[in-house]
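Q: Quick one: sequence and predicted model below, then my questions.
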Amino acid sequence: MIVLGIESSCDETAASVVEDGHAVRSSIVASQYELHAEYGGVVPEIASRAHEQHIIPVIDDALSEAGIERGDIDAIAVGHRPGLIGSLLVGLSAAKAMSWALGVPLIGVDHVHAHLWAGMLERAVPAFPALGLVISGGHTSIYSMRSETELKRLGATIDDAVGEAYDKVAAILGLGHPGGPRIDELGRAEGADDRAFDFPVSRLAKDSLDFSFSGLKTSVLYEVRGRPTPPAIKGKPPLPVPPVPELTADRTRDIAASFQRAVERALILKLERAIEQHGPFRSLIVGGGVSANTRLRSAFVGLSERQGMELVLPKMKYCIDNAAMIAGLGGVLLASGQRDDLSLSAVPTTGC
Ligand code: KG4
Ligand code: ZN
């Protein structure tokens, strides 16, 4: 079963050919980093225009790298939710046109669910039930998984996604966009002290499995730019505002390391709570751009060893957005009987 996957939900135009859900024959990703860099984030209108330019060449490249012709495709899978609506529409329109022209099934895939399939590319599925964690630029959610297709959401962020917190903290530190990889690198640089700053770990209610990262981000902001001046109280002298130390290279490195320690503690805390409340789980499946993070990857290794769970982490190239995860999951959904028609729509929110 040869599936062509198409992905255009945010700022990566991607196409991939995957056989039987696992075997990646090609995976092409055209990134738009430079186009958005000067704005410090993704500009939706620029993203959809760039997708329009790249989509056909990227699909052609995916087919030629896989060594197949259009006629060899058995089905087309497309990420149709969640994402930027204009961006999603480009990939979806291409997928519909090809499905109609070739007379092959169309399968709509949820991008967040696909991130949990990324670790299953080029390896077998692990034992279920599994605990799933998606940590990306747009999502931070924990799932209980009875199988690779049966997901129940146990918790999610109530404000920033973890990748968003990485990107915003990187912007505060003047490290450029996207910031995740830069903070990753700085946090493990020689001499980095991850206890130099005691940044907050949000626990929320005692049994909550939700996350919150906005307080952490604000603490970093205050550390770098200083706290806002307290309002003056009539008749009293103004409260002194402590001076902000210069943001030296060493201070930047230590803030990055301490921020990462707080992120790690927040994620591990909620995963342990989820195991207590809903376990035991036989496996831990992690996906999303932030699962490329060196420090977090070793924290997941530690947690799964302590808990006796099999760990499924995507290969680095399948952590960030790609179409192989879409084609892979699409193949599994097709085998389980899913078919969509040309009325399939682009949806900004996840269904998971
Ligand atoms: O999954 P993804 O490509 O897009 C979404 O679906 O949102 O994730 C992108 C996010 C960005 O926030 C980026 O900064 C983060 O993944 N990221 C990382 C690393 N590589 C990418 N965060 C931390 N450490 C990394 N090594
Ligand atoms: Zn993603």
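A: Looks like it came in fine. Ligands and ions are numbered 1, 2, ... in the order given.

Q: Which parts of this structure are strands?
A: 2-7, 12-19, 23-31, 75-81, 106-110, 130-135, 140-145, 151-156, 283-287, 310-312 (DSSP state E).

Q: Make JSON lines from those strands and add distance to Leu209, mean neighbour count and mean pLDDT to it.
A: For glycine as for every other residue, the C-beta is placed from the backbone atoms N, C-alpha and C. Converted to JSON lines, those look like this (distance: least, C-beta to C-beta, whole Å; neighbours: other C-beta atoms under 10 Å; pLDDT from 0 to 100):
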{"stretch": "strand 2-7", "distance to Leu209": "28", "mean neighbour count": "29", "mean pLDDT": "98"}
{"stretch": "strand 12-19", "distance to Leu209": "29", "mean neighbour count": "28", "mean pLDDT": "98"}
{"stretch": "strand 23-31", "distance to Leu209": "32", "mean neighbour count": "19", "mean pLDDT": "97"}
{"stretch": "strand 75-81", "distance to Leu209": "23", "mean neighbour count": "29", "mean pLDDT": "98"}
{"stretch": "strand 106-110", "distance to Leu209": "20", "mean neighbour count": "25", "mean pLDDT": "98"}
{"stretch": "strand 130-135", "distance to Leu209": "11", "mean neighbour count": "27", "mean pLDDT": "98"}
{"stretch": "strand 140-145", "distance to Leu209": "6", "mean neighbour count": "23", "mean pLDDT": "98"}
{"stretch": "strand 151-156", "distance to Leu209": "3", "mean neighbour count": "18", "mean pLDDT": "98"}
{"stretch": "strand 283-287", "distance to Leu209": "15", "mean neighbour count": "25", "mean pLDDT": "98"}
{"stretch": "strand 310-312", "distance to Leu209": "20", "mean neighbour count": "18", "mean pLDDT": "98"}
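
Q: now these in CSV, with distance to Ser93?
A: As requested, those are exported to CSV (distance: least, C-beta to C-beta, whole Å):
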stretch, distance to Ser93
strand 2-7, 10
strand 12-19, 13
strand 23-31, 17
strand 75-81, 9
strand 106-110, 12
strand 130-135, 26
strand 140-145, 28
strand 151-156, 27
strand 283-287, 26
strand 310-312, 33
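
Q: I'd like to know which of those strands lies nearest to Arg195.
A: strand 130-135 (22.8 Å; C-beta to C-beta).

Q: Could you give the separation of the closest one from the chain centroid?
A: 11 Å (C-alpha atoms, centre = their mean, to the nearest Å).

Q: Which secondary structure elements does that strand sit against?
A: helix 111-117, strand 140-145, helix 249-278, strand 283-287 (3 or more C-beta pairs under 8 Å, 6 or more residues apart in numbering; DSSP states H and E).

Q: Out of those, flag the one nearest ligand 2.
A: Closest approach to ligand 2 among the helices and strands packed on strand 130-135 (C-beta to the ion): helix 111-117, 5.5 Å.

Q: that older thread, out of the helices and strands packed on strand 130-135, deepest packed?
A: helix 111-117 (a mean of 28; mean count of other C-beta atoms under 10 Å).

Q: so Val332 touches Gly21, yeah?
A: Yes: with contact defined as C-beta atoms under 8 Å, Val332 reaches Gly21; the gap is 4.7 Å.

Q: Pull up the overlap in contacts between the two.
A: Trp117 (C-beta atoms under 8 Å, 6 or more residues apart in numbering).

Q: tell me the contacts of Ser291?
A: Here Ser291 is in contact with Leu133, Ile135, Arg297, Phe300, Leu313, Pro314, Cys319 (criterion: C-beta under 8 Å, 6+ apart).

Q: again with Glu164
A: By C-beta under 8 Å, 6+ apart, the contact set of Glu164 is Gly137, Gly138, Phe213.

Q: Then Ile142?
A: By C-beta under 8 Å, 6+ apart, the contact set of Ile142 is Leu131, Gly132, Leu133, Arg153, Leu154, Gly155, Ala156, Leu209, Lys270, Leu271, Ala274.

Q: Look up the closest residue to the residue nearest to the spatial centre of the chain, ignoring the ones flanking it.
A: Residue closest to the average C-alpha location in the chain (C-alpha atoms, centre = their mean): Ser136, at 2.0 Å. Excluding the flanking residues, the one nearest Ser136 by C-beta to C-beta, 6 or more residues apart in numbering is Gly288, at 3.3 Å.

Q: so which of the strands of the chain gets nearest Ile55?
A: Comparing the strands of the chain by C-beta to C-beta, strand 12-19 comes nearest, at 5.7 Å.

Q: For ligand 2, see how far away Pro242 is.
A: 40 Å (C-beta to the ion, to the nearest Å).

Q: In space, what's closest to that residue - neighbours in sequence excluded?
A: Pro242's closest residue in space is Gly226 (C-beta to C-beta, 6+ apart), at 7.3 Å.

Q: touching ligand 2 at all, stretch 174-190?
A: No: using C-beta under 5 Å from the ion, stretch 174-190 stays clear of ligand 2, coming no nearer than 11.8 Å.
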